[in-house]
Structure formats: C-alpha cells, structure tokens
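Undergrad: Fold the following for me, if possible:
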Amino acid sequence: MESLWIAPYFSQHWKHAWLNLGRNFLFHLGYIWLLARVASVSWPSASESWCVVVLPLLFAMWSNYRSTSSVKHRLKDTDVWIEIKIGDLFKKVSGSLVVSANSTFDTSVSGGIISADSVQGQFTNKYYDNEAHLDRDLETALEGEKFDSIEDGRNGKKKRYAIGTVAKIQPKEQTVYMVAIADMNENGIATGSPDGLIRSLGKLWHYIAEHGEIKPVTVPVLGTGSARINIKREDMVKEIVRSFIAACSEKRFCDRLAIIISKKDYLQQEMDLQMLGSHLQYLCQDTSLKGKGDTGGGRAV
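TA: Below is the predicted model of the structure:
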C-alpha cells in the first residue's frame with residue numbers, strides 16, 4: 001500500500017474510497033456504453049466488451065487518484081484559491097515558501113540540532129551550500145527584532161526570539177518565510193503548543209501582508225514533526241485554512257495558498273483528503289469573515 005493509487009482502498013477510509021470508485025465507474029460506464037453503441041452502428045464487427053468494462057474502470061481509478069492527491073476551492077467573493085495537496089513540498093514551488101523554525105533559529109544539521117529529515121533540514125540541504133550561509137541570511141533578516149539572551153550552557157544559538165517571529169530570506173531567488181513555532185531547550189529538544197502555533201500563523205500572515213508580494217504561498221503541515229505539538233495533522237490543516245481565511249478578510253496578500261501534506265504522512269496517518277476537501281469547501285463558502293477586532297490567528301480546534 002505504498003501508492004496513492006491503491007492506499008485509500010485499504011485504509012480506515014476504505015468504504016468512502018470504494019464508494020467513490022463505484023460512483024465514478026457507473027458515471028463513466030454510461031458515456032463509454034453510449035459511444036460503443038454509436039460505434040457499433042458504423043462498425044458492426046467491432047468488439048465492445050473490452051471498452052465497456054475496462055475503460056470506465058480506468059477512468060474511475062484516474063478520477064479517484066486525482067481526488068486523493070489534491071483538492072482546491074476558491075474563497076467566496078474573492079480571486080483567492082486554497083489547495084490541499086499530497087506531494088513534495090520542495091518540488092516545483094510556486095511563489096513563496098513557508099518553513100518552520102525554532103525560536104532561536106538554530107540551523108545546525110551537521111551538528112545534530114536540526115534533523116536532516118525535518119522540513120528545515122531538507123530546506124537547508126536544498127537551498128544552501130553550507131549552514132554558515134543560512135546563518136548570515138537569518139542574522140540580516142532578524143536585525144532589529146527583539147530577543148532574550150540565553151545562558152544555560154546549550155550548544156546552539158543564544159538568542160531567543162518571540163514565538164511567531166518571521167525571517168524573510170531569499171536563497172537561490174526563492175522567497176522563504178521562516179517562522180518560529182517552538183522553543184528549543186538546552187538539550188536540543190523543540191517543544192511548542194497549539195495556542196502558540198495558532199498565534200504564529202496570525203503573525204505569519206500579517207508579516208507576509210506587510211513585507212511580502214502578492215503571490216502564491218506554499219506551506220507544509222506545521223508543528224506536527226520535530227516541534228512535538230500535540231495536534232492531529234488533519235486538525236492542523238483545518239487550522240491553517242481557518243487562520244488564512246480570517247487573515248484574508250483583513251487584507252488581500254496572496255492569490256493562492258497551497259498546503260502540502262507529505263506522502264509519508266498521508267499514508268502512515270491514513271489521512272482523509274476527501275473529508276478535508278469537504279471541510280475546505282464549507283469554510284470557503286460559508287465561514288463568516290472576521291471582524292476588525294480579530295487577529296487573524298484562527299481558532300483552537
């Protein structure tokens with residue numbers, strides 16, 4: 001069950017997947033049967049059986065695959081689209097990229113502080129020739145930001161910034177917003193909270209509105225990996241959507257948000273993209289936009 005083609009049929013959501021397959025099969029069967037009947041008038045000797053059965057099944061499986069790899073909806077009365085997609089965060093990035101960080105903005109992958117498998121670790125290896133280069137960019141981006149000095153004998157950096165602090169960097173002409181979502185202790189263990197993550201989202205959207213360009217934003221499912229934030233991935237996706245919609249009512253700062261779920265998380269956690277798509281559609285069509293007193297940070301799940 002390593003493929004998005006077949007995994008949904010054997011997951012905890014198998015009933016939903018098989019029901020969709022059946023519906024799609026019957027839908028395509030009608031069209032193929034009609035075409036086969038029309039063709040049989042012109043070519044009476046032509047065999048119909050293979051196309052009447054095989055083609056509808058292939059089309060049905062393709063439709064199911066598309067619906068289990070991406071869902072998107074437009075925010076009501078706007079030109080803003082929100083997409084939830086299964087894939088590689090760093091493949092064909094469109095627009096700006098969001099990467100989570102710790103509040104000290106530690107960067108050492110080689111020293112073991114940052115996991116090479118984490119989003120930040122993958123980002124560093126893809127966009128930077130060395131960690132010192134990333135450190136210089138972050139130091140420039142964070143100039144003027146308030147911080148607390150740390151003296152606890154840790155091996156990492158000694159400046160702690162507020163949760164939600166954003167550093168805008170542009171390696172290889174790619175705009176990246178690194179946002180602090182968790183604190184790191186003296187042992188190199190990062191910990192965050194759902195409330196802190198929600199506040200970070202509000203600050204992130206505000207920063208992009210004030211310092212960014214109106215272009216697509218690509219964001220991973222924040223906080224569910226090394227940050228050890230106790231929140232389900234599906235709930236985190238919902239919170240990102242709610243927070244983004246709330247921020248969009250304050251100011252248009254983005255024309256498309258893409259939330260990327262890694263294939264590994266999707267398969268291992270048996271996530272239900274159809275459910276997320278239905279929730280996304282509901283929020284895009286029916287959620288009332290926030291008032292002027294709202295911070296745009298979303299609501300606790």
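Undergrad: Could you list the low-pLDDT ranges of the stretch 51-200 of the chain?
TA: 51-68 (pLDDT under 70).
Undergrad: show me where it has strands.
TA: For the stretch 51-200 of the chain, applying DSSP state E, counting those that start in this stretch gives strands covering 70-74, 81-86, 96-102, 147-149, 159-161, 166-169, 176-184, 190-191.
Undergrad: doesn't Y161 make contact with E145?
TA: Yes - under the criterion of CB atoms under 8 Å, E145 lies in contact with Y161, with a separation of 5.7 Å. (C-beta placed from N, C-alpha, C; glycine too.)
Undergrad: Which one's more surrounded, the two?
TA: In this comparison of E145 against Y161, neighbours counted by other CB atoms under 10 Å, the higher total goes to Y161 at 21 against 14.
Undergrad: doesn't T104 make contact with the more buried one?
TA: Yes - here Y161 lies in contact with T104, judged by CB under 8 Å, at a distance of 7.3 Å.
Undergrad: What is the neighbour count of S110?
TA: For S110, the tally of surrounding residues (other CB under 10 Å) stands at 11.
Undergrad: Return the distance of it relative to E186.
TA: S110 sits 19 Å away from E186 when distances are taken as CB to CB, to the nearest Å.
Undergrad: Where do the helices of this structure begin and end?
TA: Listed from the start of the chain, the chain has helices (DSSP state H) covering 14-42, 49-67, 119-127, 131-141, 194-211, 233-248, 263-268, 273-286.
Undergrad: I'd guessed Q274 sits against V71; true?
TA: Yes - here Q274 lies in contact with V71, judged by CB under 8 Å, at a distance of 7.5 Å.
Undergrad: and the gap between the nearest residue to R74 once chain neighbours are set aside and D152?
TA: Here the nearest residue to R74 in space, its sequence neighbours aside, is W81; by CB to CB, 6 or more residues apart in numbering that works out to 5.2 Å. Note on W81: its distance to D152, by CB to CB, is 45 Å.
Undergrad: that older thread, what about Q274 and V71, which has more around it?
TA: Between Q274 and V71, counting by other CB under 10 Å, V71 is the more crowded of the two (21 against 17).
Undergrad: what's the neighbour count on the closest residue to the more buried one other than its chain neighbours?
TA: Once its chain neighbours are removed from consideration, V71 has its nearest residue in G277; the separation is 3.3 Å (CB to CB, 6+ apart). Taking other CB under 10 Å as the neighbour definition, G277 ends up with a count of 18.
Undergrad: For G277, report the pLDDT, please.
TA: On pLDDT, G277 comes in at 90.
Undergrad: likewise K292?
TA: 40.
Undergrad: And the one 4 residues further on, by the same measure?
TA: The pLDDT attached to G296 in the predicted structure is 51.
Undergrad: who's in contact with stretch 225-238?
TA: The contact list for stretch 225-238, computed with CB atoms under 8 Å, 6 or more residues apart in numbering, reads 84, 100, 102, 114-115, 118-120, 181-182, 189-194, 196-197, 221-224, 239, 259, 261, 265, 269, 271-272, 275-276, 279, 283, 301.
Undergrad: Which positions within it qualify as buried?
TA: 225-227, 229, 231, 233-234, 236-238 (16 or more other CB atoms under 10 Å).
Undergrad: how far out from the middle of the chain is it?
TA: Stretch 225-238 has its C-alpha centroid displaced from the chain centroid by 11 Å (CA atoms, centre = their mean, to the nearest Å).
Undergrad: Ok, stretch 124-144 next?
TA: Put simply, stretch 124-144 sits 23 Å off its chain's centre (CA atoms, centre = their mean).
Undergrad: Show residues contacting that stretch.
TA: Contacts made with stretch 124-144 from outside it, assessed by CB under 8 Å, 6+ apart, are listed as 90, 105, 107-110, 114, 116, 161, 165, 167-172, 174, 176, 178.
Undergrad: in that stretch, what's buried?
TA: Judged by neighbour count using 16+ other CB under 10 Å, the buried positions of stretch 124-144 are 124, 127-128, 131, 134-135, 137-138, 141-142.
Undergrad: can you name the two of those that are farthest apart?
TA: With distance counted by CB to CB, no two of the buried residues of stretch 124-144 lie farther apart than Y127 and L142, which are 17.6 Å apart.
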